[in-house]
Each structure stands twice: as structure tokens, then as C-alpha cells.
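A.B. asks: Curious how this folds, go ahead:
(one chain, ligands or ions: 1)
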Amino acid sequence: MKFSARTRHIDISGIRKMFEASGRETINLGLGQPDFDTPEHIKEAAIKAIQEGFTGYTENLGMPELREAIVEKFQQENNIYATPGQVIVTAGASEALHIALQSIIEEGDEVLIPNPGFVSYSALTHIAEGRPKDLPLSKNLTISPETVAEEITPKTRAIIINSPGNPTGAVQTKDEIKGISEVAEDYNLTIISDEVYEHIIYEGEHISPAEYTENVITINATSKTYAMTGWRIGYATAPVEVIEQMTKIHQYIQACATSISQKAALAALTGPQDCVGEMRMEFLKRRNILLKGFDEMNIKYPHPKGAFYAFPEVANAEEMVERFLHHGVITTPGTAFGSSGSGHIRFSYATSQKNIEQALMIIKDIL
Ligand SMILES: Cc1ncc(COP(=O)(O)O)c(C=O)c1O
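C.D. replies: Coordinates of the predicted model:
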């Protein structure tokens, strides 16, 4: 059968390959999802939705109450003042990224993406028939406004930023976000700001570029914040004309996000937030165990300030990932996130302290 160039040009995600490699005998430091169960009050809201028969389609944009809650969240936490008509609820941040790029990218348009960066950015840019253009990261793995300005060409249409970042754990500073927003405004670029790790920050603060400039598509999700990856709820806000275009695609490919999950997301956003802080504290403990282990083995790493990833430098990284796997420890080679990930390995610490300690012992033996 003949396949489209659109799909031929993209590879199966390196992360998926690791997901599929996982078995009972392995310790998985490869996965990008919290290992916590979804908090009880969120699950109860979904059960109630099922029992009350809330099982049909919702509005394409998402349930009005949920969009109201998202408006409130953006206002309280991000200084973004949107109306419910400027909010769309999607099947995870993944769909929001997809329909954002589909809406604004024309064939051949360049999209600046962090290298290394989250695997979907480049693939979704290709699917939108755009051209991903690598943004080299600074020594502490953030994006500087100067680098953005240097990489812009007449073809550049958008830039994707992701703070805290996957796979690096880096958190952009306020000055960097402000500077990137100014450059984007000067060159009329749309910023796609992927903020899914917003609540998992240990050092530094989360700043949304939409605080500084209007031409931003801000994307978030309940996935990482509330341990809800499988529920598939993401959301985005942008100027109303952008949301209108995104909605056209969303209504044909998705119709609406799952009704039951929307009720759960409403409970997540409007219910008690203690669970978010508790999970963050546990991630912090795990990060510190991992970093201490790296220090003991003299493994060098850029200090991760957020998300649940560390991105140390390891000689012969690809080979080491294979060797770790052979001994039952799954990690992800840095190259899965772009060419500049070479010489790095991504360690996800979204697993128990015991697993991390055990993995460190195994790695110590191997090294
Ligand atoms: C940076 C980043 N953005 C988006 C996503 C996808 O999020 P969702 O599960 O809500 O689609 C991930 C998942 O790993 C991610 O790391």
C-alpha cells in the first residue's frame, strides 16, 4: 500500500518504544507520566457522571462550566484574562498542540522548536506540513531570546516553548519569557506555550508568555498536574479568531473531549488542590534521591528545576541505555528528543523512591 509523505516522514516515538519494552521485571525510568493514582474526589466526579447518564456529546468547545473553571484558572494562576469563548477543551495537550499547528501553519512555514524538546513538536509540525527548525538551548538548557532572534527567517511563523521542559526539567526565567515574548511580537510570530508541567516546579516560578503578548496559544492539561494522563483532558486559550480555527479542526477530528473526563476535570480544577502540592513534594524527594545518586557516581547534569525529568550527560548514551535496559532499568536516550540530545539520557523520576534507589544501584554496578 502507498502511504502519504505526511506519515512516512515521521518516526514512531522513541518514548513509545521504551513504553512497549517495559515488563514486569523492569524499573521504568522512561515514562512521562505520574505513577500516582488520580485523586479520589476526581474519580468520584466521573463515576457520578456515568451514573447520572452524562454520557453524550458535549459542546465542541467543551462543557460551559469547565470552560468557566479554566477561565478562572488562567486568571488566578497565569494573569491571562480570557473569555469562555477563548477556551477549548481537547483530548489532552496533545490534541491542543495538533490543532494549534494545523490552524496556523502553512506548507513550508518554519516552527522554532527546542532541541532537545518534547517528541511531538517536530512530528506535529511535519503533519501540519511545516518545517521544524531547531532552537539550540543554552548551557542550563533554557531558550534565550537572543537565540530565538538569531534563528528567525522570513519563513518563521511560530515558536514552541515548554517550561518546565521535557526532557530537560529546565524552567525558563521571567526575563527569558519576557524577552522571547518581545522578539515574537517584533517578528509577528505566534508563541505556542506548552505549560503542562506548570505545577511541578521546585525552584523558580512559572510565567506564561500570554502575560506579555497577545499572540500566544497557551496549552495546558489535567494530565500531569492531577495524575490524569489516561483521562485525556487538555485545554488551550488564544485570541478568539485562533480558537475559532482550532475549533473547526477539533469538531471534525474529535467532536468533543470525553464527557465523563470533562466532569472529572471540572472536579480537578475546582476541588481541593492539596493533592497537587503533595505530589510535587514527593517528586521533589525523588529528584533529590536521583541527583544524589548521580553525584555519587560523578554523573554530570544540568540542574533540573521542574517537571519529573533529569537529563544528565552520559558518555556513549545510546549504548548505556541499551545496557541499562538489559539489566532491567528503562531510560530514554536523549536523541529521542532531537539531535542535540545526543550524549544525554532522560531519567523520569515518576516512580517510587524504592525503584529509583534500586535503579541507581544497578546503574552504579554497570558503570
Ligand atoms: C511537554 C509535554 N507536552 C504535552 C504532553 C502531552 O500531554 P497530554 O497527555 O495531556 O496529551 C506531554 C506528555 O508527555 C509532554 O511531556
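
A.B. asks: Tell me how many other residues surround the residue of the stretch 1-150 of the chain found nearest the ligand.
C.D. replies: The ligand sits closest to residue 92 of the stretch 1-150 of the chain, with a gap of 2.6 Å, by Cβ to the nearest ligand atom. Quick note: C-beta positions are derived from backbone N, CA and C, even for glycine. By other Cβ atoms under 10 Å, 23 other residues sit near residue 92.

A.B. asks: The one 4 residues further on too?
C.D. replies: Residues near residue 96, counting by other Cβ under 10 Å, number 28.

A.B. asks: got a list of what it touches?
C.D. replies: By Cβ atoms under 8 Å, 6 or more residues apart in numbering, the contact set of residue 96 is 88, 90, 217, 219, 221, 234-236, 246.

A.B. asks: mind listing what the one residue sitting closest to the centre of the chain touches?
C.D. replies: The centroid of the chain falls nearest to residue 196 when counting by Cα atoms, centre = their mean (4.9 Å). In this structure, residue 196 makes contact with 93, 162, 219-221, 223-225, 234, judged by Cβ under 8 Å, 6+ apart.

A.B. asks: Please, which helix or strand holds it?
C.D. replies: Using DSSP states H and E, residue 196 is not contained in any helix or strand.

A.B. asks: Next one, pLDDT for residue 5 please.
C.D. replies: Looking at residue 5, its pLDDT is 83.

A.B. asks: C-terminal to the worst-scoring helix or strand of the chain on mean pLDDT, what's the next element?
C.D. replies: Every helix and strand of the chain was ranked by mean pLDDT, DSSP states H and E. The lowest is helix 14-21, at a mean of 62. Using DSSP H and E, the helix or strand that directly follows helix 14-21 along the chain is strand 27-28.

A.B. asks: Residues in contact with that next one: which ones?
C.D. replies: Residues contacting strand 27-28 (Cβ under 8 Å, 6+ apart): 18, 22, 328-330, 348, 351, 355, 358-359, 362.

A.B. asks: Now do the helix or strand residue 356 falls within: everything it contacts.
C.D. replies: For residue 356, the host element (DSSP H and E) is helix 353-366. For helix 353-366, the external contacting residues (Cβ under 8 Å, 6+ apart) are 27-29, 285-286, 289-290, 293, 296-297, 320, 323-324, 327-329, 349.

A.B. asks: Recalculate using a threshold of 7 Å.
C.D. replies: The set of residues external to helix 353-366 that reach it, using Cβ atoms under 7 Å, 6 or more residues apart in numbering, is 27, 29, 285-286, 289-290, 293, 297, 323-324, 327-329, 349.

A.B. asks: For the ligand, state which of the contacts of residue 96 is nearest.
C.D. replies: Taking Cβ to the nearest ligand atom as the measure, the ligand lies nearest residue 221 of the contacts of residue 96, at 3.4 Å.
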